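Chemist: model this:
(chains A, B, C and D)
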There are 2 protein chains.
Amino acid sequence: MEYKEARQKFIGTWGSLGSNWGINKTMAQIHALLLISEIPVCTEDIMDELSISRGNANMNIRALIDWGLVHREVVPGERKDFFTAGKDIWKVALQIIRERRRRELEPVMSILSNMKDINASKGEQAKLDEFNKVIEDLDGFTGKVDKMLETLLKSDKNWFQKNIIRLLT
Amino acid sequence: MEYKEARQKFIGTWGSLGSNWGINKTMAQIHALLLISEIPVCTEDIMDELSISRGNANMNIRALIDWGLVHREVVPGERKDFFTAGKDIWKVALQIIRERRRRELEPVMSILSNMKDINASKGEQAKLDEFNKVIEDLDGFTGKVDKMLETLLKSDKNWFQKNIIRLLT
DNA sequence: AAATACTTTCAATTATTTTTGAAAGTTTAG
DNA sequence: CTAAACTTTCAAAAATAATTGAAAGTATTT
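Modeler: I've put the predicted structure just below:
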């Protein structure tokens, strides 16, 4: 396979993968582009390579920065902004986990814990029992997942590889 | 809080959570509805409770069955189909992991492994080196994640709780 | 202070996904 | 076999999300 073809395929694949994960296609493609670029890249380059508008590029770059996956880079002698993505896949994964935990797990946990004191009118007791059971299970489960992720985010790569992978393999 | 209010809130929350995870709102709401119902539920009930059309209900129930999260249930003396969802949250989570692994991780892994033999024309060597490095890292990483998930899917709840949670806590 | 280089915003457009509902299909009962 | 009960399909409509591009904003240089 030729380099250009592989590059395009990779950017496309990363893009469609992103959409399964709540990240939009363009955002994931920009990330892919930066991942495989050995030098900082400017907005114009991104617009050209992906054939997207300036506004679109700008918005998605900002979203990536907001997710902590991309950083602004100052290139000496240049006025415009340049961007790079962290290349350590382990760190990328942890950063994504960190953001999703904050944006999704935390809200759910707070809603669940507000659902523990519910009144039933007569005739609803069986339904309420089932409801409470599900809520309690879910609350316990998300609590455990949260603790696990918290520990995972604190631990370093080597520790993880040594312990978890060995335990699971 | 009253039971009905809590019930509605839960269904709504589960629904919007779903959309962050590539599962559409209605599908997640139907799942929530079945999760907290102590008896099997028919299509009509779902249509009424969620105010959705028959087609929509049917499509999303089928999707849930396809994901292995919902099962058809035969109610004696009734002709129409009834549905239930598995109540064990641990199993629900494992089932979701199993399906996502199959639908998303596997395709990516096969694409990555097809990207290991690439030719660069002159002047592209540095770019190609960076590209190969990223692909190799990603391939290694997804391989590890895959092994981990595979083991996780095989292990039982108690084993998991004893080992992983203790290790991480 | 005016021109230049660049970034950000956002209303309008375009693309994608979801939902509807009526028609077609299927199964069961009489 | 035929009607009734129920399920599935799918083209069209509605809802939602992403994208454009021109105008407004900001910072830098002359």
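
Chemist: and A:Val108, what does it touch?
Modeler: Residues in contact with A:Val108 (Cβ atoms under 8 Å, 6 or more residues apart in numbering or on different chains) are A:142, B:13, B:17. (C-beta placed from N, C-alpha, C; glycine too.)

Chemist: How about A:Glu136?
Modeler: By Cβ under 8 Å, 6+ apart, the residues touching A:Glu136 are A:Lys116.

Chemist: With A:Ser53 instead?
Modeler: Counting by Cβ under 8 Å, 6+ apart, A:Ser53 makes contact with A:Met47.

Chemist: returning to that earlier point: make a markdown table out of the contacts of A:Val108 and add neighbour count and pLDDT.
Modeler: Below are the contacts of A:Val108 laid out as a markdown table (neighbours: other Cβ atoms under 10 Å in any protein chain shown; pLDDT from 0 to 100):
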| residue | neighbour count | pLDDT |
| --- | --- | --- |
| A:Thr142 | 18 | 94 |
| B:Thr13 | 18 | 93 |
| B:Leu17 | 18 | 88 |
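
Chemist: burial count for the nearest residue to A:Glu2 once chain neighbours are set aside?
Modeler: Leaving aside its chain neighbours, A:Glu2 sits nearest to B:Asn119 (5.8 Å; criterion: Cβ to Cβ, 6 or more residues apart in numbering or on different chains). Around B:Asn119 there are 11 other residues, counting by other Cβ atoms under 10 Å in any protein chain shown.

Chemist: Quick check: buried residues in the lowest-mean-pLDDT helix or strand in chain A?
Modeler: Least confident helix or strand, chain A: helix A:166-168 with a mean of 79, by mean pLDDT, DSSP states H and E. Within helix A:166-168, the residues that count as buried by 16 or more other Cβ atoms under 10 Å in any protein chain shown are A:Leu168.

Chemist: How far off centre is it?
Modeler: Its chain's average C-alpha position is 25 Å from that of helix A:166-168, according to Cα atoms, centre = their mean, to the nearest Å.

Chemist: And that helix, what does it pack against?
Modeler: If contacts are counted by 3 or more Cβ pairs under 8 Å, 6 or more residues apart in numbering or on different chains; DSSP states H and E, helix A:166-168 sits against helix B:125-154.

Chemist: A:Ser110: what's it in contact with?
Modeler: Residues near A:Ser110 by Cβ under 8 Å, 6+ apart: none.

Chemist: Ignore what I typed, I meant A:Gln161.
Modeler: Taking Cβ under 8 Å, 6+ apart, we find A:Gln161 in contact with B:Lys144.

Chemist: got it, and A:Met109?
Modeler: So, once contact is read as Cβ under 8 Å, 6+ apart, A:Met109 ends up touching A:139, A:142-143, A:146.

Chemist: State the helix or strand in which the one residue sitting closest to the centre of chain A lies.
Modeler: For chain A, the residue nearest the mean C-alpha position is A:Ile96 (3.0 Å; Cα atoms, centre = their mean). Using DSSP states H and E, A:Ile96 sits within helix A:89-100.

Chemist: Look up how far A:Thr151 lies from the nearest residue to A:Glu150 once chain neighbours are set aside.
Modeler: Using Cβ to Cβ, 6+ apart and skipping residues adjacent in sequence, the residue nearest A:Glu150 is A:Arg101, 7.9 Å away. Using Cβ to Cβ, to the nearest Å, A:Arg101 is found at 12 Å from A:Thr151.

Chemist: swap in A:Trp159?
Modeler: 10 Å.

Chemist: These two: who's more crowded?
Modeler: A:Thr151 (16 against 12).

Chemist: how about that one, what does it touch?
Modeler: Applying Cβ under 8 Å, 6+ apart to A:Thr151 gives the contacts B:168-169.

Chemist: one step back: right, and out of the contacts of A:Met109, which lies closest to B:Glu49?
Modeler: Nearest to B:Glu49 among the contacts of A:Met109 is A:Asp139, at 23.2 Å by Cβ to Cβ.

Chemist: can I assume A:Asp146 is in contact with A:Arg101?
Modeler: Yes: counting by Cβ atoms under 8 Å, A:Arg101 is a contact partner of A:Asp146 at 7.1 Å.

Chemist: List the contacts of the closest residue to A:Leu149 other than its chain neighbours.
Modeler: Excluding the flanking residues, the one nearest A:Leu149 by Cβ to Cβ, 6+ apart is A:Arg101, at 5.2 Å. Contact analysis of A:Arg101 by Cβ under 8 Å, 6+ apart lists A:146, A:149-150, A:153.

Chemist: Near DNA strand C, which residues of chain A are found?
Modeler: Selection of chain A residues close to DNA strand C by Cβ under 7 Å from any atom of the strand yields A:19, A:42-43, A:54-55, A:58-59, A:61-62, A:78-81.
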